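Colleague: coordinates only, sequence not included:
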């Protein structure tokens, strides 16, 4: 079902049993396979592929050159930069298919930089940010700023996008406060 307020370019290919939410925009040369759910107010740019079974939350941006494979779960407010690559099979071989595909979970508000590669069985935490060109080989905690090959925690990042170090508790100029946990090497938003 395509919501009547959604915009689908005439050169996008939408297969059967696809749900597209209100005010979502699907641009040219996008191919959305069957049984995909796309939330409200999403932006799916040119030259993208969304494979069967993928679910996108609300307000998700998928930039050009991105392919979303079976097993990918994308929560609300996620940004996926141009040509980011996701993998769903740790030991791929031509014409050999696993019984089930690995999962990648992109939690609320996280951002994936251009040309980043995310390996299977990974969770990117809420509001985390993956730097451009990074190779993510393990889970990323909430609010972590990671980059490199392999990607490592280089600091932390507020919901507003400003980075900070985790030397102690932090109050961002936007007004949000965070508490740092040394044993877990993560920050938690303080209410």
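Modeller: Cool, the structure landed. Note that this is a predicted model, so its numbers are computed, not measured.

Colleague: which of the helices and strands in the chain ranks last by mean pLDDT?
Modeller: strand 186-190 (a mean of 78; mean pLDDT, DSSP states H and E).

Colleague: buried ones in it?
Modeller: 186-187 (16 or more other C-beta atoms under 10 Å). Just so you know, the C-beta spots here come from the backbone N, C-alpha and C atoms, and that holds for glycine as well.

Colleague: can you list contacts of that strand?
Modeller: The contact list for strand 186-190 (C-beta atoms under 8 Å, 6 or more residues apart in numbering) reads 125, 141-144, 156, 159, 166, 169-170, 176-181.

Colleague: strands paired with it, and their directions?
Modeller: According to DSSP bridges, strand 186-190 forms sheet pairs with strand 177-181 (antiparallel).

Colleague: what's the spacing between the partner strand and its chain's center?
Modeller: 24 Å (C-alpha atoms, centre = their mean, to the nearest Å).

Colleague: mean confidence for that strand?
Modeller: For strand 177-181, the per-residue pLDDT values average out at 81.

Colleague: which residues does that strand contact?
Modeller: Under the contact criterion C-beta under 8 Å, 6+ apart, strand 177-181 has outside partners 143, 156, 158, 164, 166-172, 186-190.

Colleague: please redo it, this time with the cut-off set to 10 Å
Modeller: Applying C-beta atoms under 10 Å, 6 or more residues apart in numbering, the contact partners of strand 177-181 are 141-143, 156-159, 164-172, 186-191.
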